[in-house]
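Enquirer: From the sequence below, what's the structure:
(one chain, ligands or ions: 1)
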Amino acid sequence: MKIVVTGCAGFIGSHFAHYLLDNYPTDSVVGIDCITYAASEEALSALCQRDNFIFYKEDICNAEAIGSIFSAERPDVVVNFAAESHVDRSISDSSPFLRTNVIGTQVLLDASVRYNVSRFHQISTDEVYGDLPLDADIRFDEGSPLNPGSPYSASKAAADLLVLSYVRTYGLSASISRSANNYGIYQHTEKLIPMTVAKLRLGEPVPVYGDGQNMRDWLFVGDHCSAIDRIIRKGKCEIYNIGADNEWANIDLVKKIMSLSGYPDGEIAFVEDRKGHDRRYSVNCDKLRALGWYPRSVFDRELKTTVEWYKSK
Ligand SMILES: NC(=O)c1ccc[n+]([C@@H]2O[C@H](COP(=O)([O-])OP(=O)(O)OC[C@H]3O[C@@H](n4cnc5c(N)ncnc54)[C@H](O)[C@@H]3O)[C@@H](O)[C@H]2O)c1
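Expert: Model prediction:
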């Protein structure tokens with residue numbers, strides 16, 4: 001199979017490209033990324049040294065360029081990771097989010113219809129459902145209404161709706177996965193785990209929004225990759241939630257990172273809360289579990305390895 005992986009120089013896309021090359025030696029991966037500030041040079045250069053990998057430095061919003069790549073490569077599968085992904089940036093300026101996350105998805109969908117791609121998979125987020133109260137005894141399932149709370153999650157929800165419209169209108173075979181927060185190496189330093197390690201190393205206070213009680217479910221990036229792979233190869237053209245049953249209040253996660261990183265006495269600074277800050281995300285993954293997938297990683301072990309890696313940077 002030939003698989004296009006957009007956003008292949010980013011955090012999760014780079015892991016997924018490696019995952020495919022590790023597990024399917026007869027498949028080939030066509031990576032596309034325009035290299036924004038969030039791309040990891042280290043992740044991309046490791047990929048470029050591998051067999052069966054070809055890289056195009058291109059913007060997914062450029063319809064002509066994407067059409068030429070699809071025409072030359074004739075991919076079987078397209079997995080779209082390329083996105084603007086940082087909520088705080090979307091609050092400062094939502095324009096790049098609408099451009100890449102919505103228009104970029106539309107360009108890829110059009111090329112997928114035109115070149116008869118046999119499966120389009122859209123990487124979405126659990127944030128499209130909005131948030132839950134901290135003490136709620138419910139989780140979002142795939143039929144829950146979309147209720148995004150930030151320009152980032154609104155742009156991802158819009159892209160999801162666009163994908164579903166292409167299934168109905170053009171008969172495109174497409175699926176969508178909505179994942180919890182990921183952790184692992186190669187993530188940009190503006191995100192919670194790498195930022196916490198960086199601040200501790202510098203001896204600076206670690207900023208924590210509001211009262212620090214906002215809850216997130218933390219999924220190891222390797223488990224996310226195996227889930228996407230399972231959906232593409234065994235799942236239907238439907239929506240699948242991906243979670244880890246591993247919820248942590250931000251403040252507790254920061255304290256855990258302090259102890260794992262060898263800076264147990266690091267300082268925490270509670271800062272003004274993010275505008276519209278979602279309280280808690282939690283998704284029901286029964287549909288994906290029915291495909292035989294479950295997260296295999298041990299949180300303490302993978303988090304320690306992750307923290308050690310950021311400490312070494
Ligand atoms: N990180 C998480 O915890 C998480 C959780 C759930 C869902 N997601 C989703 O997973 C996907 C990947 O997230 P990530 O954390 O790896 O993001 P990231 O910001 O680390 O990487 C995004 C990559 O996309 C590339 N890119 C951005 N705009 C582009 C464009 N116009 N054309 C081509 N390439 C472009 C960037 O250069 C970067 O390499 C996103 O769709 C995100 O919404 C992420």
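
Enquirer: Now the residue lying farthest from the centre of the chain: which helix or strand?
Expert: Distance to the chain centre peaks in the chain at Asp265, reaching 31.5 Å (criterion: CA atoms, centre = their mean). Asp265 belongs to no helix or strand when assigned by DSSP states H and E.

Enquirer: For it, give me its contacts.
Expert: Listed by CB atoms under 8 Å, 6 or more residues apart in numbering, the contact set of Asp265 reads Met258. For every residue, glycine as well, the C-beta is placed using N, CA and C.

Enquirer: The ligand versus that one, what's the distance?
Expert: 28 Å (CB to the nearest ligand atom, to the nearest Å).

Enquirer: Also Leu192?
Expert: Counting by CB to the nearest ligand atom, the gap from Leu192 to the ligand is 9 Å.

Enquirer: contacting residues around that residue?
Expert: Applying CB under 8 Å, 6+ apart, we find Leu192 in contact with 250, 253-254.

Enquirer: could I get those residues as TSV with secondary structure, pLDDT and distance to Leu291?
Expert: Formatted as TSV, these follow (DSSP: H, G, I helix; E, B strand; the rest coil; pLDDT from 0 to 100; distance: CB to CB, whole Å):
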residue	secondary structure	pLDDT	distance to Leu291
Asn250	helix	98	31
Leu253	helix	98	29
Val254	helix	98	34
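
Enquirer: ok, of the residues you listed, which one's closest to Glu302?
Expert: Nearest to Glu302 out of the contacts of Leu192 is Leu253 (CB to CB; 13.3 Å).

Enquirer: Quick check: phi and psi on the residue farthest from the centre of the chain?
Expert: With angles defined as degrees, to the nearest 10, Asp265 sits at phi -100, psi 20.

Enquirer: That one and Met195, how far apart?
Expert: Counting by CB to CB, to the nearest Å, the gap from Asp265 to Met195 is 18 Å.

Enquirer: Show me which residues of the chain are close to the ligand?
Expert: Within reach of the ligand by CB under 6 Å from any ligand atom, the chain has these residues: 6-7, 9-13, 33-36, 38-39, 59-61, 81-85, 100, 104, 123, 125, 156, 179, 181-182, 188.
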